[in-house]
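**Q** model the structure of this input:
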Amino acid sequence: EKYLEKLEKGAGEYSISELVVENRQNVNDEIKETYTFTGRNPVEEINGKIYLQPFLFEALQENPFKADERNYPIFFDFPSLQNEAITFVVPEGYVLESFPESGIAQLNGGEVKYTFLVQQSGSVLSIRSTLDLPKTYFTPEDYEGLKNFYSQIIEKQTEAIVLSKV
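**A** Just a heads-up that it's a prediction; the model follows:
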């Protein structure tokens, strides 16, 4: 229940229900979260076009690395691999005008990697986002690269899907 409260706090105006967390007790298995959310209309309509940010409340909104420089190492609690898959079906009477392009961001020659894959098949748009962070320790010399890496993630996750009326 405390975890659900934390999720809802980060979800803004959305309400989360039907939370299922698999493999929570086994540290050797991947943790999988599934939930349903409801809330305000996530689209913005301007001049007959619909703008939608695909990650809604799941997107990173703010770079955690804000300082101009860092004199101490950076520690993450644990290595992580975060996968998110989103599928949109374009409503009847609309066409995809534009959507984010696929892209990859890397740090230290691929030691840390973010993959953003977009595929369109007819009226279905699929987006897969993967953040692979196998390291838990970064030196102060890594700071600028880590800051830029997270900026690239935020830029990709906040690009809009644009739909136009037919």
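**Q** show me where the chain has strands.
**A** Using DSSP state E, the strands assigned to the chain run over residues 14-22, 32-39, 43-46, 49-52, 74-75, 80-89, 94-98, 103-107, 112-121, 124-133, 137-138, 161-165.
**Q** buried set for the fourth one?
**A** Read that as strand 49-52. Neighbour-count burial for strand 49-52, counted by 16 or more other CB atoms under 10 Å, picks out Ile50. Quick note: C-beta positions are derived from backbone N, CA and C, even for glycine.
**Q** the last one now?
**A** Using 16+ other CB under 10 Å as the test for burial, strand 161-165 gives 161-163.
**Q** remind me which residues of this structure are low pLDDT?
**A** In the predicted model, the chain carries pLDDT under 70 at residues 9-13, 39-42, 56-58.
**Q** returning to that earlier point: how about the buried residues of strand 161-165 in CSV, adding distance to Lys6?
**A** Written out in CSV, the entries for these read as follows (distance: CB to CB, whole Å):
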residue, distance to Lys6
Ile161, 28
Val162, 32
Leu163, 33
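**Q** give me the most central residue, this structure.
**A** The geometric centre of the chain, computed from its C-alpha atoms, lies nearest to Ala59 (CA atoms, centre = their mean), at 4.0 Å.
**Q** who's in contact with Phe99?
**A** For Phe99, the contacting residues are 118, 120, 125, 159, 161-162, by CB atoms under 8 Å, 6 or more residues apart in numbering.
**Q** can we see that at 10 Å?
**A** With CB atoms under 10 Å, 6 or more residues apart in numbering as the criterion, the residues that contact Phe99 are 52, 54, 88, 118, 120, 125, 127, 159-163.
**Q** can you check Glu1 too?
**A** Shown here is Glu1, whose contacts under the criterion CB under 10 Å, 6+ apart are Leu19.
**Q** with Ile16 as the reference, measure out to it.
**A** In this structure, Glu1 lies at 12 Å from Ile16, with CB to CB, to the nearest Å as the measure.
**Q** extract the CA atoms of the helix of greatest length in the chain and return them as PDB.
**A** Identified as the longest helix of the chain according to DSSP state H is helix 143-157. Taking C-alpha atoms only, helix 143-157 is exported to PDB below (Å, rounded to 0.1, in the frame of the first residue of the first chain):
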ATOM      1  CA  TYR A 143      29.500  13.600 -14.200                       C
ATOM      2  CA  GLU A 144      29.200  15.800 -17.300                       C
ATOM      3  CA  GLY A 145      28.600  12.700 -19.500                       C
ATOM      4  CA  LEU A 146      25.900  11.400 -17.000                       C
ATOM      5  CA  LYS A 147      24.200  14.700 -17.000                       C
ATOM      6  CA  ASN A 148      24.100  14.900 -20.800                       C
ATOM      7  CA  PHE A 149      22.900  11.200 -20.900                       C
ATOM      8  CA  TYR A 150      19.900  12.000 -18.700                       C
ATOM      9  CA  SER A 151      19.200  15.100 -20.800                       C
ATOM     10  CA  GLN A 152      18.900  13.000 -23.900                       C
ATOM     11  CA  ILE A 153      16.500  10.600 -22.100                       C
ATOM     12  CA  ILE A 154      14.300  13.400 -21.100                       C
ATOM     13  CA  GLU A 155      14.300  14.900 -24.600                       C
ATOM     14  CA  LYS A 156      13.200  11.600 -26.100                       C
ATOM     15  CA  GLN A 157      10.600  10.800 -23.500                       C
END
